[in-house]
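Trainee: The sequence and its predicted three-dimensional model are supplied below.
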Amino acid sequence: MTTARALRGPFDYRLSEELRDCVAVGSMLVVPFGRRKVLGVVTGLAEESEVAEERLLAPLRALELGVPGDLMALAQWLADEYCSTLARALSLVLPPAATRRLSGRKRRLAPAEPVNVPVGARSQSEPELTIEQAHALADVEAALASGTFQARLLAGVTGSGKTEVYLRASAHALAQGRGVIVLVPEIALTPQTVARFTERFGDTVAVLHSRLTVAQRREQWRRLRVGEARVCVGPRSAIFAPVERLGLVVVDEEHDSSYKHEGDPRYDARLVAERRASDCGALLLLGSATPRPESVHANGGLGGAPAGERIGASDDRRPWASGTGARVLRLARRVDGRPLPSVEVLDMREHAHGLHPVTAQALAEVRATRTKAIVLLNRRGWSNFLSCRSCGNVWSCPQCDVALVLHRAGGRLACHHCGHCEPVPRRCQCGSASVARHGAGTERLAHELSRALDDGAFPVFRLDADTADAQRGADGGVGALLSSFERSPCGVLIGTQMVAKGHDFPDVALGVVLDADATLRFPDFRADERTFALLAQLAGRVGRGREGRVLVQTIAPDARSIAYAAHHDSDGFLAGELERRAVLSYPPFSSLVRIVCAAEEAARARSAAGALRDGLDGCGGSLLGPAALFKLRGKERQALVVKAPVEIRSQAIRQIGETVARVAALREHAGVAFGVDVDPQ
């Protein structure tokens, strides 16, 4: 039952004669359930039931266009792999707003076509391939011709033409009569991908993402389901698109953490893509300039590439080739032949001002020469927090143990975790009017750079979650903002990590990263990886079509990830990172599962976490915790982490799921919410 998500089911119903010829696995039926009419999905057909026939109810009617059989199997795997229920997993593969159709009324209003604003450098015809692209494409086409599941990791520097390889591979799959799914980190931030696929393949391309209206999403889903569209482009949820005869799955920017879903089931779209490609005998093509250590290890490892070919290897030796048929394909040079931009690390330990003098001078030169710059500050808002200079009070969220962030334009303090907002205070509860503002975010940075640089002909653009939300109702949304920056002859684009994601602007001369070590201060074994990827990706936006430079401001200039990023040495960073994780037994050399117990009272959360720890003794992996997490959305939280050897991953996940279900069913743990996160990010 898709509307009874706490129920594990399945439930037996008697199939009436009039429905026998039109019902199969995946069919959607309206069925009586208690006093309600709910939507159910057929998970199996049987000749008999353990329930007496006179007690079996019959479905009321069948809906058109059910769930394809391969997606039904995928949903079952999702429920098992991520310790969820089949009902929750099925909700991911159902047609958009399927439960709204229980009334039986059919709306025939024609939905408006999605607005896709073209952004980034484009070519009206197929460009000539470089030697490296041609070699990579030949390998990909051979894999497609095999008709069996295979995996490739396309490790190419920024600007090396990975998208063109995706396009040619898609054309080859379509010529075979097979379908294509192309995943991007976030559709609003990579509109050029949609534009390029639409330019190349026309109406056979469908787009699925959450910013479409319900009617638009349903129409795009229908086009894919009936075969009118054969290529689906979208963010992580597009992996569940009903593409028939799937032949190719592309995961662009595969390093991006946004491929991990935060809701239940907490799936990783990259792993789901691998599973779906395997089930369909399709090719999985991962692409990134900064591939994850997990992907490199899974596709054969570094394998001793010669030092002189740290990022090259356009010959057939394939230093990352594995013995399993999966391999890494490398694009070591930009398609325009230009070198990667020079990177200068600026030590901020002796500078109190937000901008280093070198940075300020470089931005002034950009304005003087009427070129473009991108400035990354991975922190939105005006100020990080407010405090009282008299009593030391810090304005905090009443629902979460975090400080509120000042958003000056809205005149509010906001919690970036639960969404709580309150007006900006004029004075403290102690009576003092001396309120201090600490730190700076993108809102303040944009304001200050506008005052310093905008002379009426040098615009300053801002891209972060706040401006993205403001653009939701505008035609083209974020794509329109990026298109404005692209069309402008000069200017500065300021933003959070959104500005580093896959944009292709041919005339950016300067890139700046402020507070580059901020991500290193998180207690996360992936902190180095994320810092390296963010710096390398931002550097990749610079110097396309013209000479460029990148400035990195940091108080940790000797940090390993920053040093490797400054030298564009992805291989060196990955080798060290894999060595470190092997010693510490972190992924990919183990599997992590995090279990969070949340309750209004801290004692209840601790009790539930303790019961879980007792129940998980002997699971075959090491147990960390319970440990307290900060309060979130009014709930006190306790967390446990299971670190299991990869050889017993499935066994450990199964035992964790069974233990959580058993503990959650106990009366003493009523009111405690349990969340299981396999492969937490």
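Mentor: Sure, I can see it.

Trainee: Can you pull out the low-pLDDT segments for the protein?
Mentor: 1-9, 99-124, 188-190, 300-326, 469-477 (pLDDT under 70).

Trainee: okay but Glu164 is in contact with Leu129, surely?
Mentor: Yes - look at Glu164 against Leu129 with Cβ atoms under 8 Å: they come within range, at 7.0 Å. Yep, even glycine has a C-beta here, placed from its N, CA and C like the rest.

Trainee: of those two, who's got more company?
Mentor: The residue with more neighbours, out of Glu164 and Leu129, is Glu164; 22 against 17, by other Cβ atoms under 10 Å.

Trainee: Flag every buried residue along the host helix or strand of the more buried one.
Mentor: Element membership for Glu164, per DSSP states H and E: helix 162-175. For helix 162-175, burial by neighbour count (16 or more other Cβ atoms under 10 Å) applies to 162-174.

Trainee: where along the stretch 51-200 of the chain do the strands fall?
Mentor: Per DSSP state E, counting those that start in this stretch, the stretch 51-200 of the chain has strands spanning 61-63, 150-156, 179-183. These are given in chain order.

Trainee: Would you format those as CSV with distance to Ala556 and mean neighbour count included?
Mentor: CSV is the format used below for the strands of the stretch 51-200 of the chain (distance: least, Cβ to Cβ, whole Å; neighbours: other Cβ atoms under 10 Å):
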stretch, distance to Ala556, mean neighbour count
strand 61-63, 57, 15
strand 150-156, 27, 25
strand 179-183, 33, 27
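
Trainee: Same list (these) but as CSV, adding distance to Ala527.
Mentor: What follows is these, written out as CSV (distance: least, Cβ to Cβ, whole Å):
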stretch, distance to Ala527
strand 61-63, 47
strand 150-156, 22
strand 179-183, 25
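
Trainee: how about the ones you listed, which one is nearest Leu355?
Mentor: Across these, Leu355 has its closest neighbour in strand 150-156 (32.6 Å, Cβ to Cβ).

Trainee: Run me through the strand neighbours of that closest one, direction for each.
Mentor: strand 283-288 (parallel), strand 327-331 (parallel) (DSSP bridges).

Trainee: can you put those strands in TSV and add mean neighbour count and distance to Arg20?
Mentor: Conversion of those to TSV gives the following (neighbours: other Cβ atoms under 10 Å; distance: least, Cβ to Cβ, whole Å):
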stretch	mean neighbour count	distance to Arg20
strand 283-288	26	38
strand 327-331	25	49
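
Trainee: With distance to Arg408 as extra columns, can I get those strands in a markdown table?
Mentor: Listed next are the strands paired with strand 150-156 as a markdown table, based on distance: least, Cβ to Cβ, whole Å:
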| stretch | distance to Arg408 |
| --- | --- |
| strand 283-288 | 36 |
| strand 327-331 | 43 |
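
Trainee: Can you tell me which of the ones you listed is nearest to Ile494?
Mentor: In terms of Cβ to Cβ, the element of these nearest to Ile494 is strand 283-288, at 24.7 Å.

Trainee: what angle separates the closest one from strand 179-183?
Mentor: Compare the direction of strand 283-288 with that of strand 179-183 by axes from the mean of the first three to the mean of the last three Cα atoms, to 10 degrees and you get 20 degrees.

Trainee: Name the residues that touch strand 283-288?
Mentor: Contacts with strand 283-288, where a contact means Cβ atoms under 8 Å, 6 or more residues apart in numbering, come from 140, 143-144, 149-156, 162, 165-166, 169, 173, 247-255, 270, 273-274, 277-278, 295, 299.

Trainee: ok, now with 6 Å
Mentor: The contact list for strand 283-288 (Cβ atoms under 6 Å, 6 or more residues apart in numbering) reads 143-144, 150-154, 162, 248-255, 273-274, 277, 295.
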